[in-house]
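Colleague: What follows is a predicted protein model with its sequence.
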Amino acid sequence: MANEAKEWIPPSWTYNPSTWPPRLPIVGLALVGFGIAGYLTAYQLGFIATVWEPIFGRGSEIILTSWVSHVLPVPDAALGAAGYLLDAITGVVGGRGRWRAMPWIVILFGLAVGPLGAVSILLAIAQPVLFDAWCTLCLASAVVSLAMIGPAMDVLLASSNTSSARRPGGSRGGASSGASPVRTSITSSRREGRPRPRPAQRGGDAR
Amino acid sequence: MWTQIVATCLGAWLMAASAVLAYGPPAATNDRIVGPMALSFAFVALKKVTRGVRRLNLPLGVWLVAAPWVLGYGATVAIVNSAVVGALLIACALARGRVVQPYGGGWAVLLPGRDVDEAVRHGPGASGAAR
């Protein structure tokens, strides 16, 4: 079993990025974000009359009814909720080897996490600059989406290496690329105890 | 890593500074734009695999040092705050911290013309990612 676990470690890495211990907290964060965004959506759609705002007085009200929040046909919090749900689903799908076995799910996961964080930052800037108001739960949601980015990116990096290596050798342009599709492809490496190339020591360990 | 914790706090401070130190625009507006960006970049750079994101805070720090003159800040407290926070942010953006593994060549494998084999062999020192 130990050998099997070792085999899921990407070439030149020291750990497997798709084990459950690092993944579950991301899924948990996504569900927390989904809860917050869902609550804010309920307020924006008028299902609840008031919104919880412990710090900034009427801040949440001003932000959540501003023109920015209704630029699109659906309230912005609803989009956030959908994004968090996509994060949670694509975070759960697949086993411990998913960075290699289903790279496109992982890349979808990364694409869901990244822009959600970027939009959150933009909205956090817009709050004080455009409206001179802050919204506690919106900021909490922004922190949640930011906190997911770092932990989500290592598995995206592992899968990016895999999927790019699986393209036909010529498309990567390099003269020596002929060898890589075989080594990192799913089928060949899953069965054989594939040799992992060691990187040049000075590159990784110095500094 | 602690440098990125410091930079995260600097970003959060910028968001609150105009209210705490009681200065108005243009300094307040600038700090409320730069603050969340600096905070986010530093926060993401806490993880080793995305440590390279810390470099995005370098131009932000330089801008904070230059902004009082470019935008013509009035209040002395806003000028000093911007310059000090900017200088600290530059320092935090330059400090790399320990990144002990090359991550298969890092993010550079996504660039056109980069070959995975080559990236793995040379490590992040050559590829410039995950630093």
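Modeller: Yep, it's here. Numbers count the residues shown, from 1 in each chain, chains lettered A, B, ... in the order given.

Colleague: Helices of the chain, residue ranges please.
Modeller: Answering for chain A, as no chain was given. A:2-7, A:20-44, A:59-64, A:76-92, A:98-101, A:103-131, A:136-165, A:180-184, A:186-191, A:201-205 (DSSP state H).

Colleague: Chain B was what I was after
Modeller: B:2-21, B:27-44, B:57-70, B:76-94, B:116-127.

Colleague: so for the last one, what's the average pLDDT?
Modeller: Here the mean pLDDT over helix B:116-127 is 48, rounded to a whole number.

Colleague: tell me, what residue is most central in chain A?
Modeller: Nearest residue to the geometric centre of chain A (Cα atoms, centre = their mean): A:Val113, 3.1 Å.

Colleague: One more: chain B?
Modeller: B:Asn57 (2.1 Å).

Colleague: I'd like the helices of chain A laid out as CSV, including distance to B:Val84 and mean pLDDT.
Modeller: (C-beta placed from N, C-alpha, C; glycine too.) CSV is the format used below for the helices of chain A (distance: least, Cβ to Cβ, whole Å; pLDDT from 0 to 100):
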stretch, distance to B:Val84, mean pLDDT
helix A:2-7, 48, 62
helix A:20-44, 33, 91
helix A:59-64, 28, 86
helix A:76-92, 35, 91
helix A:98-101, 42, 80
helix A:103-131, 21, 87
helix A:136-165, 25, 82
helix A:180-184, 48, 40
helix A:186-191, 52, 40
helix A:201-205, 35, 40
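
Colleague: Kindly present these as a markdown table, with separate columns for distance to chain B.
Modeller: Shown next, in a markdown table, are the helices of chain A (distance: least, Cβ to the nearest Cβ, whole Å):
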| stretch | distance to chain B |
| --- | --- |
| helix A:2-7 | 15 |
| helix A:20-44 | 10 |
| helix A:59-64 | 12 |
| helix A:76-92 | 15 |
| helix A:98-101 | 11 |
| helix A:103-131 | 4 |
| helix A:136-165 | 3 |
| helix A:180-184 | 5 |
| helix A:186-191 | 13 |
| helix A:201-205 | 2 |
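
Colleague: With distance to B:Pro26 as new columns, can those helices be given to me in a markdown table?
Modeller: Output for the helices of chain A, formatted as a markdown table (distance: least, Cβ to Cβ, whole Å):
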| stretch | distance to B:Pro26 |
| --- | --- |
| helix A:2-7 | 56 |
| helix A:20-44 | 31 |
| helix A:59-64 | 22 |
| helix A:76-92 | 27 |
| helix A:98-101 | 46 |
| helix A:103-131 | 11 |
| helix A:136-165 | 23 |
| helix A:180-184 | 51 |
| helix A:186-191 | 55 |
| helix A:201-205 | 45 |
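
Colleague: and stretch A:22-40, how far from the chain's centre?
Modeller: The chain centre lies 12 Å from the centre of stretch A:22-40; the measure is Cα atoms, centre = their mean, to the nearest Å.

Colleague: re the thing from before, among the helices of chain B, which is nearest chain A?
Modeller: Ranking the helices of chain B by proximity to chain A (Cβ to the nearest Cβ) places helix B:116-127 first, at 2.4 Å.

Colleague: Would you quantify the distance from B:Val80 to B:Trp107?
Modeller: Going from B:Val80 to B:Trp107 by Cβ to Cβ, to the nearest Å gives 37 Å.

Colleague: Which one of those two is surrounded by more residues?
Modeller: The neighbour comparison of B:Val80 against B:Trp107 (other Cβ atoms under 10 Å in any protein chain shown) goes to B:Trp107, with 23 against 13.
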